[in-house]
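Peer 1: quick check, what structure comes out for this input:
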Amino acid sequence: MSAAPTLAQAPLEIQGLQVDYRQRRVLQGLTLPPLAPGRLLALVGPNGAGKSTLLRALTGLLPTRGQVRYGASELLAMPAAQRARIVGFMPQLGASGSTLTVLEATLVAMHGLHAPAAPATAMQALEQLGIAHLAMQPLAHLSGGQRQMAALAQVVVRDCPVVLLDEPVSALDLAHQWQVMQTVQRLAHAGRIVIVVLHDLTLAAQWADDVALLQAGQLCAFGPPQQTITPERLRSAYGVDARVRSCEQGRLFVLVDGPAGPAPQAPQPAQTE
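Peer 2: Residues are numbered from 1 along each chain as shown. Okay, the predicted model is just below:
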């Protein structure tokens, strides 16, 4: 990491986003409350809710209607190179046949930044994630979890004020999940705006400052985990009966009992003769 990290200087405002993909409207005029620097936002929701689409829209990878303002700047109207200096994006990972080494890929990720691509800076990012020993390994030779960590290093080293991460802990074991989420939280709390897509609601509750629950391209709930991850909202969004409990340290966790049964009926008033 650089000695003077690039921190967010203004909130990110997302208003009225509409995205059509494969002849289907995925985002239905989505608006979020302003996202303040220094906070980690978890995007949660069932499959097809629009979580990954939202991140891709914010990076300019999908045709999008609406507004995304960062301070006085309209991100969607920026040239791609300028937007890439503000927004760092880690997509979901697929198969990789790249012959680049982890270090080379991290250096490539620094291309186009104001500072030159310095191997020492790239190595520092790898060390921060505990994968410096993989620096000279080709990406094609890594496991899925190792490639996930290498991809996160490519985002970390760019040092952007806005960071978007799409399922950064998929394919990771418990120890690496903790390491990644600690790094992601640290990036946010240092003064960046960080948005992360998570399927694990317990991870979202443990690490996120705020949670945005999406369903069918719309916002169902937004706020601290205790307010957004509730049995009622899980029933509505996911169609499951679930219990939300706190451990002895006050952290939330979710227990799913199964598909949602019939909604409880309100008691009927007693009949009088």
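Peer 1: for the rest of this, base every contact and every neighbour count on C-alpha atoms.
Peer 2: Will do.
Peer 1: tell me which element G88 is part of?
Peer 2: Element membership for G88 (DSSP states H and E) is strand 87-90.
Peer 1: C-terminal to that strand, what's the next element?
Peer 2: Helices and strands here follow DSSP H and E; after strand 87-90, the next one along the chain is helix 102-109.
Peer 1: now do the buried residues in that next one.
Peer 2: 102-107, 109 (16 or more other CA atoms under 10 Å).
Peer 1: now the helix or strand that it is followed by: mean pLDDT?
Peer 2: Next in sequence after helix 102-109, counting helices and strands by DSSP H and E, comes helix 119-128. Throughout helix 119-128, pLDDT has a mean value of 92.
Peer 1: for stretch 199-212, the distance to its chain's centre please.
Peer 2: Relative to its chain's centre, stretch 199-212 lies at 10 Å (CA atoms, centre = their mean, to the nearest Å).
Peer 1: tally of neighbours for the nearest residue in space to H176 that is not next to it in sequence?
Peer 2: Closest residue in space to H176, ignoring its immediate chain neighbours: V169 at 7.8 Å, by CA to CA, 6 or more residues apart in numbering. For V169, the count of nearby residues is 26 (other CA atoms under 10 Å).
Peer 1: so T202 touches L255, yeah?
Peer 2: No - counting by CA atoms under 8 Å, T202 does not reach L255; the two are 9.2 Å apart.
Peer 1: compare these two and say which one has the larger neighbour count.
Peer 2: Neighbours around T202 and L255, counted as other CA under 10 Å, are more numerous at T202. The numbers are 17 against 13.
Peer 1: neighbouring contacts of the longest strand seen in the chain?
Peer 2: Across the chain, the strand with the greatest residue count (assigned by DSSP state E) is strand 12-21. Defining contact as CA atoms under 8 Å, 6 or more residues apart in numbering, one finds that strand 12-21 is touched by 25-36, 53, 57, 62-71, 193.
Peer 1: could you rerun that using 6 Å?
Peer 2: 25-32, 34-35, 64-70 (CA atoms under 6 Å, 6 or more residues apart in numbering).
Peer 1: buried among the residues you listed? Need that as a selection in PyMOL.
Peer 2: Selection of the buried residues among those in PyMOL, burial being defined by 16+ other CA under 10 Å:
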select buried, resi 26+27+28+29+30+31+32+35+64+65+67+68+69+70
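Peer 1: now, which of the contacts of strand 12-21 lie within strands?
Peer 2: 25-30, 65-70.
Peer 1: need the max-distance pair from the residues you listed.
Peer 2: Using CA to CA, the ones in strands among the contacts of strand 12-21 span at most 24.9 Å, a distance reached by R25 and Y70.
Peer 1: counting neighbours, what do you get for V162?
Peer 2: There are 25 residues near V162, going by other CA under 10 Å.
Peer 1: who's in contact with it?
Peer 2: Taking CA under 6 Å, 6+ apart as the contact definition, V162 lies against 86-87, 192-194.
Peer 1: change it to 8 Å
Peer 2: 8, 86-88, 192-194.
Peer 1: filter those residues down to the buried ones.
Peer 2: Using 16+ other CA under 10 Å, the buried ones in the contacts of V162 are 8, 86-88, 192-194.
Peer 1: list just the nearest of the residues you listed to C220.
Peer 2: Nearest to C220 among those: V194, at 20.0 Å, using CA to CA.
Peer 1: from what I can see the closest one touches D166, true?
Peer 2: No - the pair V194 and D166 fails to qualify as a contact (CA under 8 Å) at a distance of 11.0 Å.
Peer 1: how near is the residue nearest to H176 to V162?
Peer 2: V169 sits 19 Å away from V162, taking CA to CA, to the nearest Å as the criterion.
Peer 1: where do the helices sit along the stretch 151-273 of the chain?
Peer 2: 174-189, 201-207, 225-228, 231-238 (DSSP state H, counting those that start in this stretch).
Peer 1: of the ones you listed, flag the one that's most buried.
Peer 2: Mean neighbour count (mean count of other CA atoms under 10 Å) peaks for helix 201-207 among those, with a mean of 19.
Peer 1: first vs last residue of stretch 82-93, how far apart are they?
Peer 2: Per CA to CA, the first residue of stretch 82-93 is 24 Å away from its last.
Peer 1: what residues of it count as buried?
Peer 2: Across stretch 82-93, burial judged by 16+ other CA under 10 Å covers 83-91, 93.
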